[in-house]
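Visitor: quick one: sequence and predicted model below, then my questions.
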Amino acid sequence: MTTCATGRPASEIQNVHCSSQSTTVAESCNGKSSCSINAINSVFGDPCPGTYKYLELAYTCIFHIQAYIFIHSCNGKSSCSINAINSVFGDPCPGTYKYLELAYTCISQGRVISVQSAVYGRRDKTTCATGRPASQIQNVCCSSQSTTVAESCNGKSSCSINVSNYVFGDPCPGTYKYLELAYTCQCKWLKDHLELYYF
């Protein structure tokens, strides 16, 4: 009965069981550095006509610095070093322990091979089966995992390997085999996220 009650008649502040939750402020203000909203019935509705109401708000300020590699001096370089200090990035919140969160993209010449899996053998009757006799493609439970490709190709921008029993071994003699490979191209000169902590 005391908050925002100065000068109000008793009849307008007697009802202290008058409130409603609202998402209006969150929807309007989250993610912004400043925000202004009229605390009136037309915006928030009227949970108790005749009662003088006020807006009670709880919030926190989240400080966030995000730097993108393409807006700094590292473009086109295979490696780059930047001091994560206030003198370089400014100080948005003195006394708060801050970090630099970095997002970046790699251009094609900065990517290298990363092998996820390599299977040598046969797991179906159709892959690499053209012109092969039925006896050479019947065994579809013939395969073995291999680390040969990963050991030879990871970290390279291009790679060539002979697919043969001599290189991968022979998990099923008499079966015509093939190499099934899964890989991705990854950036070779930066980690996914760089977090440098400073005061």
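Guide: Structure received.

Visitor: wouldn't Ile161 be in contact with Glu151 here?
Guide: No: contact criterion Cβ atoms under 8 Å: Ile161 and Glu151 do not qualify, at 10.1 Å. Heads up, the C-betas are built off the backbone N, CA and C, glycines and all.

Visitor: higher neighbour count, those two?
Guide: Between Ile161 and Glu151, counted using other Cβ atoms under 10 Å, the more crowded position is Ile161 (15 against 10).

Visitor: in the chain, which spans are helices?
Guide: Using DSSP state H, the helices of the chain run over residues 24-29, 41-44, 86-89, 148-153, 165-168.

Visitor: longest strand in this structure, please.
Guide: Using DSSP state E to define each element, the chain has its longest strand at strand 111-122.

Visitor: what mean pLDDT does that one get?
Guide: Averaging pLDDT along strand 111-122 gives 87.

Visitor: and the contacts of that strand?
Guide: With contacts defined as Cβ atoms under 8 Å, 6 or more residues apart in numbering, strand 111-122 is touched by 137, 139-140, 142-150, 153-159, 163, 168-169, 171-172, 175-188.

Visitor: parallel or antiparallel, list what pairs with it.
Guide: Here strand 111-122 is paired, per DSSP bridges, with strand 142-145 (antiparallel), strand 178-187 (antiparallel).

Visitor: what about it, distance to the chain center?
Guide: In terms of Cα atoms, centre = their mean, to the nearest Å, the centre of strand 111-122 is set 24 Å apart from its chain centre.

Visitor: for stretch 42-51, same thing?
Guide: With Cα atoms, centre = their mean, you get 42 Å for stretch 42-51.

Visitor: what's next to that stretch, contact-wise?
Guide: Applying Cβ under 8 Å, 6+ apart, the set of residues contacting stretch 42-51 from outside is 11-15, 18-20, 22, 24, 37, 53, 55.

Visitor: using neighbour counts, trim these to the buried set.
Guide: 13, 15, 53 (16 or more other Cβ atoms under 10 Å).

Visitor: so for Lys32, which of the strands paired with strand 111-122 sits nearest?
Guide: Among those, the nearest to Lys32 by Cβ to Cβ is strand 178-187 (32.5 Å).

Visitor: so for that closest one, mean pLDDT?
Guide: What strand 178-187 shows for mean pLDDT is 84.

Visitor: cool, and stretch 148-156?
Guide: Here stretch 148-156 scores 88 as its mean pLDDT.

Visitor: filter the contacts of strand 111-122 to the buried ones?
Guide: Neighbour counting by 16+ other Cβ under 10 Å classes 137, 139, 142-143, 146, 148-150, 153, 163, 168, 171-172, 175-181, 183, 188 among the contacts of strand 111-122 as buried.

Visitor: about what we covered before: save the strands paired with strand 111-122 as a markdown table, and put in distance to Ile113 too.
Guide: Formatted as a markdown table, the strands paired with strand 111-122 follow (distance: least, Cβ to Cβ, whole Å):
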| stretch | distance to Ile113 |
| --- | --- |
| strand 142-145 | 18 |
| strand 178-187 | 6 |
